[in-house]
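Asker: turn this into a structure:
(one chain, ligands or ions: 2)
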Amino acid sequence: MIIVMKHGAGEKAVQQVSDVLKEHGLGVHISNGSTATIIGVIGDKAKLSGVNLELMEGVDKCVPIMHSYKLASREICPQGRTVQVGDQVIGGQKLAMMAGPCAVESEEQVFAAARGVRQAGAAFLRGGAYKPRTSPYAFQGMEDEGYRLLRRAADAEGLKVVSEVISENQLDTAAKYCDMFQIGARNMQNFRLLRAVGRSGVPVLLKRGIASTVEEWLDAAEYIMSEGNYNVVLCERGIRTFETSTRNTLDISAVPVIKERSCLPVIVDPSHAAGKSAYILPLSLAAAAAGADGLIIEVHPNPKCALSDAAQQLTPQAYGELFEQVRRVAQAVGRTM
Ligand code: PEP
Ligand code: MN
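Answerer: Ligands and ions are numbered 1, 2, ... in the order given. Take a look at the predicted model:
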């Protein structure tokens, strides 16, 4: 449920309502919008039986949130959230541009990728150190050494690091090297992992599960947020459909749907959606036009020799050209890069 305060209701009134909620064992989330303050009530509202909040000073109305996710809902924060990663803000006017190899493969490779994506204009370096691969015989990543290389390459170029985490017991180590944890599509419903990244407080890039609905995806975000970590960015990366001409089907509709239903920023990964480098540019333009808050794109200094996802990785030069074209679309829809 959300409690909408009257226009001009003072801090004292907000505090009184919040105190009553806490006394009844409920969580409180206050959002100061430009027109009204909204108090989100977290927990079982049956605990409020006999309390009529609408009679309290400054309260305009109480509105139930009809979804299972609350903190991730739009209702609780109508103006939308931004997520801060170091000096970068995701979900504001500027698109968050993340790029780098599918997997960290060597020092030379990751430094070359970092240089290329920074020269193009990206602010985040992506790269898998732990790779949850479909086949157990495929390259599984350089693990902690991969994180260390990513950090060094990112620092050399002034970039932020976003990299996947796959288990709870690696989070302390990962937090030393990553500015943002990625939860991959295959782990979107690994609820213990979601809770653990929630407790870590580190910003999280939550990819959509391979066959997950928007509602399941937002429920997954809620797991992270329910542990007090509101720094969640959603990432649409394509879903499995009957269509086989692309690796997955990029659900571009998810962008406006998320904007309507959720307060969280949403970015798009055209690389894992398309699976083919030739499709990355048009899908990136479509994502920017649809209102995505950023793009995460695979870039490798020598895609043909990549140890994973070779067909979909762009060269740094192609990424630079894409960056300039996306900039034009971004400007057309009132965003910057
Ligand atoms: C990745 O981004 O490295 C990745 C494996 O993507 P996904 O989890 O979306 O398949
Ligand atoms: Mn990949």
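Asker: C-alpha from now on. contacts and neighbour counts both.
Answerer: Fine.
Asker: burial count for the residue of the stretch 151-300 of the chain found nearest ligand 1?
Answerer: Closest contact between the stretch 151-300 of the chain and ligand 1, by C-alpha to the nearest ligand atom, is at residue 184 (3.4 Å). A total of 23 residues lie near residue 184 under the criterion other C-alpha atoms under 10 Å.
Asker: what residues does it make contact with?
Answerer: Residue 184 sits next to 164-166, 206-209 when contact means C-alpha atoms under 8 Å, 6 or more residues apart in numbering.
Asker: ditto for residue 164
Answerer: Residue 164 touches 127-131, 181-184, counting by C-alpha under 8 Å, 6+ apart.
Asker: ok, now residue 121?
Answerer: Counting by C-alpha under 8 Å, 6+ apart, residue 121 touches 97, 320, 323.
Asker: repeat for residue 232
Answerer: Counting by C-alpha under 8 Å, 6+ apart, residue 232 has contacts 83, 203-206, 221, 224-225, 264-265.
Asker: just those residues: which are in helices?
Answerer: Judged by DSSP state H, these include 221, 224-225 as members of helices.
Asker: give me the number of residues near the residue lying closest to residue 306 once chain neighbours are set aside?
Answerer: Nearest residue to residue 306 in three dimensions, chain neighbours excluded: residue 300, at 7.2 Å (C-alpha to C-alpha, 6 or more residues apart in numbering). The local packing of residue 300 (other C-alpha under 10 Å) involves 31 other residues.
Asker: just the CA coordinates for stretch 167-184, please, in PDB.
Answerer: The C-alpha trace of stretch 167-184 is given here as PDB (Å, rounded to 0.1, in the frame of the first residue of the first chain):
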ATOM      1  CA  SER A 167      27.500 -17.400  -5.800                       C
ATOM      2  CA  GLU A 168      27.000 -16.000  -2.400                       C
ATOM      3  CA  ASN A 169      30.400 -17.000  -1.100                       C
ATOM      4  CA  GLN A 170      32.300 -15.000  -3.700                       C
ATOM      5  CA  LEU A 171      30.700 -11.600  -3.000                       C
ATOM      6  CA  ASP A 172      33.300 -10.200  -0.600                       C
ATOM      7  CA  THR A 173      36.100 -10.800  -3.100                       C
ATOM      8  CA  ALA A 174      34.000  -9.600  -6.000                       C
ATOM      9  CA  ALA A 175      33.200  -6.400  -4.100                       C
ATOM     10  CA  LYS A 176      36.900  -5.500  -3.900                       C
ATOM     11  CA  TYR A 177      37.100  -5.400  -7.700                       C
ATOM     12  CA  CYS A 178      33.600  -4.500  -9.000                       C
ATOM     13  CA  ASP A 179      31.600  -1.300  -8.900                       C
ATOM     14  CA  MET A 180      28.500  -3.100  -9.900                       C
ATOM     15  CA  PHE A 181      27.500  -6.800  -9.600                       C
ATOM     16  CA  GLN A 182      25.800  -8.400 -12.600                       C
ATOM     17  CA  ILE A 183      23.200 -11.100 -12.000                       C
ATOM     18  CA  GLY A 184      23.100 -13.100 -15.200                       C
END
